[in-house]
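Trainee: Below are the sequence and a predicted model; questions follow.
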Amino acid sequence: MLRLGNSTVSLMSNGIHSSVDRYMLQDSLTIRYYQRLSDALVELWNRGYRYDDMRLYLDGYLAALRQSSVLEPYQINRLEEEITRYIYDPSNFESVMPEPDYR
């Protein structure tokens, strides 16, 4: 859950709930980039890429954000901190197995 003023936003990544700090990201554009990155990282994991590859992807993505000046530098740094924490949390990359249907 993400706290934005009086409202709460739940971040989902391919059906796997990602818990985030209360004061994590506070503007909608940064949150959108976080969601895109987390979805892309889960997709890379599902394709067989591992931490080193995902870190290279992340570094390139952040470099592109810095070059484009879409976000303020402090927002990019905060995004980098949070998405790095996301990468190294193994619970974000666990497979969700469907319940068998015994009917």
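Mentor: Perfect, thanks for sending it.
Trainee: element containing the nearest residue to residue 58 once chain neighbours are set aside, please.
Mentor: Closest residue to residue 58 apart from its sequence neighbours, by CB to CB, 6 or more residues apart in numbering: residue 83 at 6.2 Å. No exception for glycine: its C-beta is placed from N, CA and C like everyone else's. For residue 83, the host element (DSSP states H and E) is helix 73-87.
Trainee: Could you pull out the buried residues of that helix?
Mentor: 75, 76, 78, 79, 80, 82, 83, 86, 87 (16 or more other CB atoms under 10 Å).
Trainee: likewise stretch 50-60?
Mentor: So for stretch 50-60, counting by 16+ other CB under 10 Å, buried means 54, 57, 58.
Trainee: what's it in contact with?
Mentor: 37, 40, 41, 44, 45, 49, 80, 83, 84, 87, 88 (CB atoms under 8 Å, 6 or more residues apart in numbering).
Trainee: Nearest to residue 94 among these?
Mentor: residue 45 (9.8 Å; CB to CB).
Trainee: State the distance from the closest one to residue 28.
Mentor: The spacing between residue 45 and residue 28, counted by CB to CB, to the nearest Å, is 26 Å.
Trainee: Look at these two and report which has more neighbours.
Mentor: Remark: of residue 45 and residue 28, residue 45 carries more neighbours, 19 against 10, as counted by other CB atoms under 10 Å.
Trainee: Roughly how far does the residue nearest the centre of the chain sit from residue 59?
Mentor: Of all residues in the chain, the one closest to the mean position by CA atoms, centre = their mean is residue 38, 2.8 Å from it. From residue 38 across to residue 59, the span is 16 Å (CB to CB).
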